[in-house]
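Engineer: sequence-free structure coming up:
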């Protein structure tokens, strides 16, 4: 555990010491968040990793995902997704405590209790009694604490991230009460990874066909989704084009 | 004080009227949009023509096209270059909307809410088929004669923001050459 603690502290300190994110000023949204240029100092490496990920996806992961989606009936797919989603509730509860969101923390704990007891998490019955799902993670907690996103990184197999979110993921890996209490946690990690891949399958298909630069498209989508989790009036504050008479 | 109250109520009822107009426009156009994306009977060419009609009628193409390249590129480009770019971009917009929407067999689009900020309507809707549903936001402007879409946001992903980062990258890689961008987007 001491060794784990050292790793966590090292990652947090690296995150806090990083250079602030730099943006060009051409197009800035109302909120001040720019989407024009995301800090990406290791782009050549990231592009190579993304190509590797697409290669692995094409030859191994995608066929599994497509077969699974073809075979599994919709309720099974939904049930599996709910199951893995439910396992994230305890760590979300911890994240919300660090964010000072105590109501949401209890909400997550309540959801986990109800869904686990009634269906082992395969049905989301908690939402029917008013306990709606609130997504969060340690990356969001760090962001709310003022930590900048740091450089964009593409991780082998895992996919897009940034230094802050990756640090959050590492912290979660060590403090997650669920996966730490399971004997063979690697199966859980693989299952969760495949489930997340299933959930973005349609979007990935569109990235393959409707993009002139899939690397830029994935990066932009990643940052937009993360910013949406951080900003309350995200949709309203997105940059819009200047209006020209048609 | 009384005049102020009258003024406030006039402004309030005017904005309500505008919101109901944009709602009405959206309901009509979303029905057409659904007909197009649910039409599996026509040939690929016919379907593409339907998308073309829809995009030309409802999208503020020039604003989106110019917004994606930014003022610097617009100012340093000739009228002829911009005209070629606009034509190529129109085709690109139709193709990308076609590719993004055509794989979905959607059964419904439900209007949820209309918000207005800085004279831009934000129409919130939900698109759903038998398998799943997603939040779909449309940013719309009133040109005086009609309403035009300036951005489409699926869940949290904005078409304009995503394409802007792609276009910026191509422009930066090619030292701001509009010709290079045109060549690149023609490949789609």
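Structural biologist: In hand now; what should we look at? It should be emphasised that the depicted structure is a prediction, and the values quoted were computed from it without experimental measurement. Residues are numbered from 1 along each chain as shown, chains lettered A, B, ... in the order given.

Engineer: contacts, neighbours, all on C-alpha from now
Structural biologist: OK.

Engineer: By proximity to chain A, which residue of chain B wins?
Structural biologist: Using C-alpha to the nearest C-alpha, the closest approach of chain B to chain A is made by residue B:67 at 4.5 Å.

Engineer: quick one: secondary structure of the residue in chain A positioned nearest to chain B?
Structural biologist: Nearest residue of chain A to chain B, counting by C-alpha to the nearest C-alpha: residue A:241, 4.5 Å away. Taken by DSSP: H, G, I helix; E, B strand; the rest coil, the conformation at residue A:241 corresponds to coil.

Engineer: The one 4 residues further on too?
Structural biologist: The three-state label given to residue A:245 by three-state DSSP is coil.

Engineer: cool, and residue A:190?
Structural biologist: Residue A:190 ends up helix, using three-state DSSP.

Engineer: Show me the strands in chain A, by range?
Structural biologist: All strands of chain A, identified by DSSP state E, fall at A:152-155, A:159-162.

Engineer: quick check, residue B:151 in a strand?
Structural biologist: Yes: counting by three-state DSSP, residue B:151 falls inside a strand.

Engineer: Just list the residues touching it, thanks.
Structural biologist: By C-alpha atoms under 8 Å, 6 or more residues apart in numbering or on different chains, the contact list for residue B:151 reads A:240, B:64, B:138, B:139, B:140, B:158, B:159, B:160.

Engineer: Let's see that with 7 Å instead.
Structural biologist: Contact partners of residue B:151, counting by C-alpha atoms under 7 Å, 6 or more residues apart in numbering or on different chains, are B:138, B:139, B:158, B:159, B:160.

Engineer: So, low pLDDT: which residues of chain A?
Structural biologist: Applying pLDDT under 70 to chain A picks out residues A:1-36, A:246.

Engineer: which parts of it sit against chain B?
Structural biologist: A:35-36, A:206, A:210, A:212-213, A:216-217, A:220-221, A:224-225, A:228, A:241-244, A:246 (C-alpha under 7 Å from any C-alpha of the partner chain).

Engineer: what's the closest non-adjacent residue to residue B:19?
Structural biologist: Closest residue to residue B:19 apart from its sequence neighbours, by C-alpha to C-alpha, 6 or more residues apart in numbering or on different chains: residue B:114 at 6.4 Å.

Engineer: Report the beta-bridge partner residues of the one you found.
Structural biologist: residue B:123 (DSSP bridges).

Engineer: thought it was touching residue B:137?
Structural biologist: No: counting by C-alpha atoms under 7 Å, residue B:137 is not a contact partner of residue B:114; they are 9.6 Å apart.

Engineer: quick one: which of the two has more around it?
Structural biologist: Set side by side, residue B:114 and residue B:137 show more neighbours around residue B:137, with 26 against 19, by other C-alpha atoms under 10 Å in any protein chain shown.

Engineer: so that one is in which element?
Structural biologist: Assigning secondary structure by DSSP states H and E places residue B:137 in strand B:133-142.

Engineer: Do you know the pLDDT at residue B:37?
Structural biologist: Looking at residue B:37, its pLDDT stands at 76.

Engineer: What distance do you get for it to residue B:30?
Structural biologist: Noted for residue B:37: a distance of 10 Å to residue B:30, by C-alpha to C-alpha, to the nearest Å.

Engineer: Need the overlap of contacts for residue B:114 and residue B:137.
Structural biologist: Common contacts of residue B:114 and residue B:137, defined by C-alpha under 7 Å, 6+ apart, comprise B:122, B:123, B:124.

Engineer: What residues does the second one make contact with?
Structural biologist: In other words, residue B:123. Contacts of residue B:123 by C-alpha under 7 Å, 6+ apart are B:113, B:114, B:115, B:137, B:138, B:139.

Engineer: make it 8 Å
Structural biologist: Applying C-alpha under 8 Å, 6+ apart, the residues near residue B:123 are B:23, B:111, B:112, B:113, B:114, B:115, B:137, B:138, B:139, B:140.

Engineer: Can you check the residues you listed and name whichever has the most neighbours?
Structural biologist: Going by other C-alpha under 10 Å, residue B:137 tops the contacts of residue B:123 with 26 neighbours.

Engineer: That one contacts residue B:150, correct?
Structural biologist: No: the pair residue B:137 / residue B:150 is not scored as a contact, 10.9 Å apart, by C-alpha atoms under 8 Å.

Engineer: Redo the shared contacts of residue B:114 and residue B:137 as CSV? Include pLDDT.
Structural biologist: Converted to CSV, the shared contacts of residue B:114 and residue B:137 look like this (pLDDT from 0 to 100):
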residue, pLDDT
B:122, 94
B:123, 93
B:124, 93
